[in-house]
Every structure is written in C-alpha cells, then in structure tokens.
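Asks: Quick one, fold the following:
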Amino acid sequence: MKLIKLALAFRKSAATPELRIVRRFLAWSQAAADDQRVNVATMLARAYLSQALPDDLRREFEICLALIVEDASTSVRRALAIAIADADAAPRHIVLALADDRPEIAAIVLAKSPVLTEAELKSYAVSGGDGKQLALARRASLPASLAAFLAENGRQEVAIALIEIAEHPSPPKSSVGSPIASSRTAPCVRRF
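Replies: Modelled structure (predicted):
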C-alpha cells in the first residue's frame, strides 16, 4: 500500500505526463543492488495484483514488471515469479516470459500459474525438458491427458511426483471439490 501511495504522489508531482514511474524505475534499477531489485520486484508485483491500483498506474507497473523479466539477475526474476505464480490477475505475457526463463525460474510459474492454458501446459511438457516436466507434474490441478502424457514420457522423478500429488492432493483455492483436482492422475496411478 505504501508503494501505491508513493506512486500516486509521484504521478501528481511529475512534470512529464507519460510513463513517469517507468522512467524513474529504469534510472533507479540501473544503479540498484540485486537485493534492492528483489525487494522492489516483489513489491511491484504485489501492488500490481492489488485491487486498489488505478488503471493508468497499473499500466505503468505492468511495464516495470516487463522490465524486471529482463533483469540480468536470476534472483530478481525468481522473486517476480514467486510473487505472481499463483495469481489469477498476473499479466499473461509476464507469466509466459517467466515460463520460458531458466528452468529454476520457469518451474515456479509452471507449477502454480492459473494463467497458463492447457495447450501451453502441453507445449511445455513436450518441449520443456526434465525440470519443466517435473514442475508441471507437481501442479495441484492438471488435466488427466497431460498427467498421462507426463507419466508416459517423463523421467522417473516426474512419475513419482504425479503419484505423490495423487496420494496427497492439495487442490488450488479455485477448484476445491473439482473433479479435475481429485482424479487427474488416476490413469497414471493405475499404470504403476
């Protein structure tokens, strides 16, 4: 909330009307240390996801998030991934960029993001490699066809993750009681 108030105050006092916060963020981020950028990435993501943000400020924050996706530091990108991983309102292009990042960063959003479509999940399962397949296998909610694909084509760790999720499901907040959450790995478990 403090960040939103500061941004609103800055917006009112700035001389140039367009992208004031983005310009200031760019200038600041070039000199800031990694740990400072990690903290700001988390705060910007949380502020963006809050409902109290005016539309024009939300657009500027979204541009800042897109800049964070390009940050050279993996710890900054990881902080962003953690902050938006399970958010329904996360910007789709940011989630997709993080899903295409290094495996340890991609795994965060692949394991949780509700923004990703079934077709995108399948694409990552097919071409993503072991780390991305393992992250997908750990999703609380996964279509049965994708779980079966992972069980048939993934490494042993992927199959074990599917079995563990089937034995100890923790459905996402939006699908409590959903048949997908409770039966998605049933075909896979029967194979073992």
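Asks: so what's the residue nearest the centre of the chain closest to, chain neighbours aside?
Replies: Closest residue to the average C-alpha location of the chain: residue 85 at 3.0 Å, with C-alpha atoms, centre = their mean. For residue 85, ignoring the flanking residues on the chain, the nearest one in space by C-beta to C-beta, 6 or more residues apart in numbering is residue 112 at 4.2 Å. Using the backbone N, CA and C atoms, a C-beta is placed for each residue, glycine as well.
Asks: hang on, the one you found packs against residue 88?
Replies: No. Here residue 112 lies out of contact with residue 88, judged by C-beta atoms under 8 Å, at a distance of 11.1 Å.
Asks: neighbour count winner among the two?
Replies: In this view residue 112 and residue 88 are compared by other C-beta atoms under 10 Å, and residue 112 has more residues nearby, 22 against 11.
Asks: Please give the element, helix or strand, for the residue lying closest to residue 69 once chain neighbours are set aside.
Replies: Once flanking residues are discounted, residue 69 sits nearest to residue 97: 4.5 Å by C-beta to C-beta, 6+ apart. For residue 97, the element it lies in under DSSP states H and E is helix 92-99.
Asks: Would you mind pulling up the elements that that helix packs against?
Replies: helix 55-69, helix 74-84, helix 103-112, helix 118-127 (3 or more C-beta pairs under 8 Å, 6 or more residues apart in numbering; DSSP states H and E).
Asks: closest to residue 45 out of those helices?
Replies: Residue 45 sits nearest to helix 74-84 of all the helices and strands packed on helix 92-99, at 3.5 Å, using C-beta to C-beta.
Asks: and the closest one, what does it pack onto?
Replies: Using 3+ C-beta pairs under 8 Å, 6+ apart: helix 74-84 touches helix 34-49, helix 55-69, helix 92-99, helix 103-112.
Asks: which of the ones you listed is buried the deepest?
Replies: Mean neighbours per residue, mean count of other C-beta atoms under 10 Å, is largest over the helices and strands packed on helix 74-84 for helix 103-112, with a mean of 22.
Asks: so that helix versus helix 118-127, what angle?
Replies: Put simply, helix 103-112 runs at 140 degrees to helix 118-127, going by axes from the mean of the first three to the mean of the last three C-alpha atoms, to 10 degrees.
Asks: Can you list the neighbours in contact with helix 103-112?
Replies: Helix 103-112 is contacted from outside by 74, 77-78, 81-82, 84-86, 95, 98-100, 116, 121, 124, 128-129, 131-132, 134-136, 138-140, 172, using C-beta atoms under 8 Å, 6 or more residues apart in numbering.
Asks: Thanks a lot, see you next time.
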